[in-house]
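Participant: sequence first, predicted coordinates after that:
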Amino acid sequence: QVQVVESGGGLVQAGGSLRLSCAASGSFISINTMGWYLQAPGKQRELVATVTSGGSTIYADSVKGRFTISRDNAKNTVYLQMNNLKPEDTAVYYCNANIKHIWSKNAMDYWGKGTLVTVSS
């Protein structure tokens, strides 16, 4: 069993900062890419940022220069530092981990339950 658990969401004023954390636990060989996605009310889930096990990152254009994704491979944890938050960043943020198991040829995607970020104007 694999668990992916997010933490760190909350209510913040525009211009403020929040730091999200996500830890993966359970039985697996390794974690490939970890990432953050958001889903605003009535909209589809979309990419925020991803980071590979080697540290390569990808960001959505809307968060470049404001958000930073980082990872601690020893702790199977990924972070999202969010600065200069805007009301349009309000959403549920989900963590994704692409995990390799010994019993599967292909890595599998696991999702957390999400953490709500609300940015007030």
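Facilitator: Alright, I've got the coordinates.
Participant: rest of the way, CA atoms for contacts and neighbours
Facilitator: OK.
Participant: now Asn32: which helix or strand?
Facilitator: Using DSSP states H and E, Asn32 sits in strand 30-39.
Participant: what are the buried residues along that strand?
Facilitator: 31-39 (16 or more other Cα atoms under 10 Å).
Participant: so what strands line up beside that strand?
Facilitator: strand 46-51 (antiparallel), strand 91-100 (antiparallel) (DSSP bridges).
Participant: quick revisit: now pLDDT and distance to Asp61 too, for the buried residues of strand 30-39, in CSV please.
Facilitator: Formatted as CSV, the buried residues of strand 30-39 follow (pLDDT from 0 to 100; distance: Cα to Cα, whole Å):
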residue, pLDDT, distance to Asp61
Ile31, 97, 25
Asn32, 97, 23
Thr33, 97, 19
Met34, 98, 18
Gly35, 98, 15
Trp36, 98, 14
Tyr37, 98, 13
Leu38, 98, 14
Gln39, 98, 16
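Participant: hmm, back to that, out of the strands paired with strand 30-39, which is the most enclosed?
Facilitator: Mean neighbour count (mean count of other Cα atoms under 10 Å) peaks for strand 91-100 among the strands paired with strand 30-39, with a mean of 23.
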